[in-house]
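Asks: coordinates for the following, if possible.
(one chain, ligands or ions: 1)
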Amino acid sequence: MADTSTTTSLARALSHQQLDPCDPSPRDPLVPGRRRALSFKSSLNRLDTDDSCVIESRVLVLNTGGTIGMKVDHDVLKPEANALVAMLKKLPILHDAAYAEKTCLYDYYNPEDTLVLPLSKEKRRIIYTIVEYNPLLDSSNMTTKDWAKIGRDIETEYENYDGFVVLHGTDTMAYTASALSFMCEHLGKPVILTGSQVPIYEMKNDGRGNLLGALMIAGQYCIPEVCLYFYNKLYRGNRVTKVDAGSYNAFSSPNLAPLATTEVDIAIDWDTVWMPNTTSKFRVSTELNRNVGLLRLFPGITTEAVRAFLQSAIEGVVLESYGSGNAPDNRPELIAELKKAIASGTIIMNCTQCLKGTVSAFYNTGKVLLDAGLIPGGDMTPEAALSKLSYVLAKTNLSIEAKKKLMSDNLRGEMSADRGAATLCMSDSRFIQIIAKTLSINCTEEMKAICNALTPTLACAATKTGDIEALEALREMGNNLCLSDYDGRTPLHIAASEGYLNVVQYLLSHGASVYARDRYGDTPLSNAVRFRRKEVVKLLRKTGAHFSRDELDEAGTELSSLAASGDLEGLEIWHLAGADLNKPSYDGKTASQVAEALGKTEVVRHLLKLETNKPKSGVIEFTATMTGK
Ligand code: ASN
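Replies: Numbering: from 1, shown residues only. As a prediction, this is how the structure comes out:
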């Protein structure tokens, strides 16, 4: 398809010429971002070299409350409404007023809620919009209704932002992070909860650092997980627990290393990041069952207390057992109460009271619980197990067996895989070993560096020829198939350009992100549109791919040009990709007005047909025909 949009070509030309080819940032996997159309409308003379090669990302901040935004009132801390944005605007590390002014940011965004970070080392500008909840809550006051509201808001704004930050009190943050991790199904963008131990309004506080770190990760790295960021570390949200009420280092993730650390540099551990394995579109399941509870064993707990707990309306229980999942095996009457509840349909999970370690049946005291029908919770935190129960039990269309199966499955990386599972690494690869031998390099560090440098190129090369076997071999060696090459292009970009539907399907099922942008700002969807890969466009759309706001703005001009040249196929592809057929071009005319003016009745009819067959709620029927290479 010819690139007829002047703004698009200009954007591409500018980014091509001005991005520093030696800049390592485009190699970072899955970095989102785009240019604001404004940059091209402004006189280039007004932009200094730095700004002209800047890519902007957008982050939505949902401010739910918590200490970060509290002030002292009658000697106690309480959330303070309508104060955060004004305060942040005065902090140069959290708002670059000069950049906002120079690029006319507020011609496009509301100054009441939108700010922009200073230029990052990775040459990104993060524009963030803060939505303040009313009322702001101390997180001790939160319920499942508040989780559902956060989930709904993320779902509504999902396509308008590259990442999401949730400001939240620390007291129940681990519960909300766990719950959101399950509620967010097929998540492809970062959702990061953060807050602070000391209000951001105080002279010395941890709120500024936490907010800045969360924004920088949400705006620059496509980590498709619900995370919690605190005290220079990014954790998987369903792995954390609050361990300290009086320290900046308030959270611990006892059974999983942090996903990232932000010290001198931001270091992401991509091997730990939970990669998407789906071709389904993002959705939020806001239904939650509140009839769940935590029952902590203690020596001498009475059978009556256990019976009373289980006799209520409770449908799901997390039993916090001792050590590696043990309970008294000399109390048959107590075990009988658990069995009775399970027989009447209650799901009981067995989680350990220990911070670290996993549930097993090493001891007879552990086996009694397994034999009684409790589901082993592995190394799940009680917060994760409880919110998982709440999420799973709300799926009323599932049988009890299906619910139990979901409870034992690892849905979002909330528990560790069984020990003993094969660990494959690049050094197992004969291929790499031969290369290493040729280069006479044996040192592990150097070997690792070679592997890292070669993998993206090898994966892109294998994709170019549609060679799934080679991709599978690379993956089995422990490689990440969503790393980008020197041009920021991922295997998914290549497969989308080539129209290899089966490779696209394979990559999406193994961690590829539909939101990855190459150095020209192109996504796999824009590539598939450019090369007219109709089935790939449909599959990417089904998985949640969408045009950016800038691309949608520019679509009018592209559509008019396609209409003028009578290009029916081109119009259909743009339509399938989500472009609004009624979007006017730069001169105010829609595609059908252009066609009408030129007497192209066939085009007018085609546009009308596309408009009438518009899929309801954006769902595009997907024909699962595989068109290999
Ligand atoms: N009570 C506060 C809350 O959870 C604690 C905090 O945010 N540090 O909202």
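Asks: three-state assignment of K448?
Replies: helix (DSSP: H, G, I helix; E, B strand; the rest coil).
Asks: meant to ask about V59, not that
Replies: strand.
Asks: state the helix or strand in which the residue lying closest to it once chain neighbours are set aside lies.
Replies: Among residues not flanking V59 along the chain, Y128 sits closest, at 4.3 Å (Cβ to Cβ, 6 or more residues apart in numbering). Quick note: C-beta positions are derived from backbone N, CA and C, even for glycine. For Y128, the host element (DSSP states H and E) is strand 124-137.
Asks: show me what that strand is packed up against.
Replies: strand 55-65, strand 76-79, helix 84-88, strand 114-116, helix 144-157, helix 207-220 (3 or more Cβ pairs under 8 Å, 6 or more residues apart in numbering; DSSP states H and E).
Asks: closest one to the ligand among those?
Replies: Closest approach to the ligand among the helices and strands packed on strand 124-137 is made by strand 55-65 (6.0 Å; Cβ to the nearest ligand atom).
Asks: quick one: mean pLDDT for that closest one?
Replies: Averaged across strand 55-65, pLDDT comes to 96.
Asks: test my guess that the residue nearest to V59 contacts L115.
Replies: Yes - counting by Cβ atoms under 8 Å, Y128 touches L115, with 5.8 Å between them.
Asks: neighbour-wise, which of these two wins?
Replies: Counted by other Cβ atoms under 10 Å, Y128 and L115 do not tie: Y128 has more neighbours, with 26 against 23.
Asks: need the contact list for the more buried one.
Replies: 58-61, 114-117, 165, 215, 219 (Cβ atoms under 8 Å, 6 or more residues apart in numbering).
Asks: for the chain, what lies in contact range of the ligand?
Replies: 66-67, 138-140, 169-171, 195, 197 (Cβ under 6 Å from any ligand atom).
Asks: okay, those in CSV with secondary structure and neighbour count next?
Replies: Shown next, in CSV, are those (DSSP: H, G, I helix; E, B strand; the rest coil; neighbours: other Cβ atoms under 10 Å):
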residue, secondary structure, neighbour count
G66, coil, 30
T67, helix, 24
D138, coil, 17
S139, helix, 21
S140, helix, 9
G169, coil, 24
T170, coil, 23
D171, coil, 18
G195, coil, 29
Q197, coil, 21
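Asks: the ligand: which of the residues you listed is nearest?
Replies: After measuring those against the ligand - Cβ to the nearest ligand atom - the closest member comes out as G169, at 1.9 Å.
Asks: gap between that closest one and I68?
Replies: G169 sits 8 Å away from I68, going by Cβ to Cβ, to the nearest Å.
Asks: try P524
Replies: Distance from P524 to I68, by Cβ to Cβ: 37 Å.
Asks: check E315 too.
Replies: 35 Å.
Asks: contacts only, for H546.
Replies: 159, 525, 578.
Asks: repeat that for K534.
Replies: 572-573, 576.
Asks: quick check: pLDDT value at the spatially closest residue to T365 that is not a sequence neighbour.
Replies: Leaving aside its sequence neighbours, T365 sits nearest to N326 (Cβ to Cβ, 6+ apart; 3.8 Å). The per-residue pLDDT reported for N326 equals 97.
Asks: point me to the residue of the stretch 301-450 of the chain nearest the ligand.
Replies: E383 (13.7 Å).
Asks: got it, and the stretch 251-400 of the chain?
Replies: For the stretch 251-400 of the chain, Cβ to the nearest ligand atom, closest residue to the ligand: F251, 10.9 Å.
Asks: run through the bridge partners of that residue.
Replies: Counting by DSSP bridges, F251 is bridged to K242.
Asks: quick check: it vs V243, distance?
Replies: For F251 relative to V243 (Cβ to Cβ), the value is 7 Å.
Asks: which one of these two has more residues nearby?
Replies: F251 (22 against 14).
Asks: which residues touch that one?
Replies: Per Cβ under 8 Å, 6+ apart, neighbours of F251: 170, 173-174, 228, 230-231, 233, 235, 240-243.
Asks: out of these, which end up buried?
Replies: Neighbour-count burial (16 or more other Cβ atoms under 10 Å) applied to the contacts of F251 gives 170, 173-174, 228, 230-231, 233, 235, 240-242.
Asks: any idea which of those is the one closest to A305?
Replies: Within the buried ones among the contacts of F251, proximity to A305 (Cβ to Cβ) peaks at T241, which comes in at 24.5 Å.
Asks: hang on, that closest one packs against S252?
Replies: Yes - contact criterion Cβ under 8 Å: T241 and S252 qualify, at 6.1 Å.
Asks: shared neighbours of these two, anything?
Replies: Counting by Cβ under 8 Å, 6+ apart, the contacts common to T241 and S252 are L355.
Asks: pLDDT below threshold where in the protein?
Replies: 1-53, 418-444, 446-447, 614-629 (pLDDT under 70).
Asks: break it down into its domains, please.
Replies: The chain breaks down into these domains under automatic domain parsing: 3-37+425-543, 55-281, 292-408, 549-612.
Asks: A417: which of these is closest?
Replies: domain 292-408 (9.1 Å).
Asks: just the terminal-to-terminal distance for that closest one.
Replies: Domain 292-408 has an end-to-end distance of 17 Å (Cα to Cα, to the nearest Å).
Asks: any idea how far that domain is from the chain center?
Replies: 30 Å (Cα atoms, centre = their mean, to the nearest Å).
Asks: what's the spacing between R331 and N397?
Replies: R331 is 37 Å from N397, by Cβ to Cβ.
Asks: among these two, which residue is more densely surrounded?
Replies: More crowded of R331 and N397, by other Cβ under 10 Å: R331, with 14 against 5.
Asks: from what I can see the more buried one touches I301, true?
Replies: No - if you go by Cβ under 8 Å, R331 and I301 don't touch, sitting 9.0 Å apart.
Asks: overlap in contacts of the two?
Replies: Residues touching both R331 and I301 (Cβ under 8 Å, 6+ apart): none.
Asks: before we move on, the earlier item: any common contacting residues for G169 and I68?
Replies: G195.
Asks: quick check: the residue of the stretch 301-450 of the chain closest to the ligand is in a helix.
Replies: Yes - under three-state DSSP, E383 sits within a helix.
Asks: just to check, it is in contact with A174?
Replies: Yes - using Cβ under 8 Å, E383 makes contact with A174 at a distance of 4.5 Å.
Asks: packing partners for the strand or helix carrying E572?
Replies: Secondary structure assignment for E572, by DSSP H and E: helix 568-576. In terms of contacts (3+ Cβ pairs under 8 Å, 6+ apart), helix 568-576 is packed against helix 534-542, helix 549-564, helix 601-612.
Asks: bridged to N326, which residues?
Replies: Going by DSSP bridges, N326 is paired in beta bridges with Y322.
Asks: any buried residues in stretch 469-477, and which?
Replies: 470-471, 473-475, 477.
Asks: hmm, I was thinking of stretch 537-557
Replies: Within stretch 537-557, the residues that count as buried by 16+ other Cβ under 10 Å are 537-552, 554-557.
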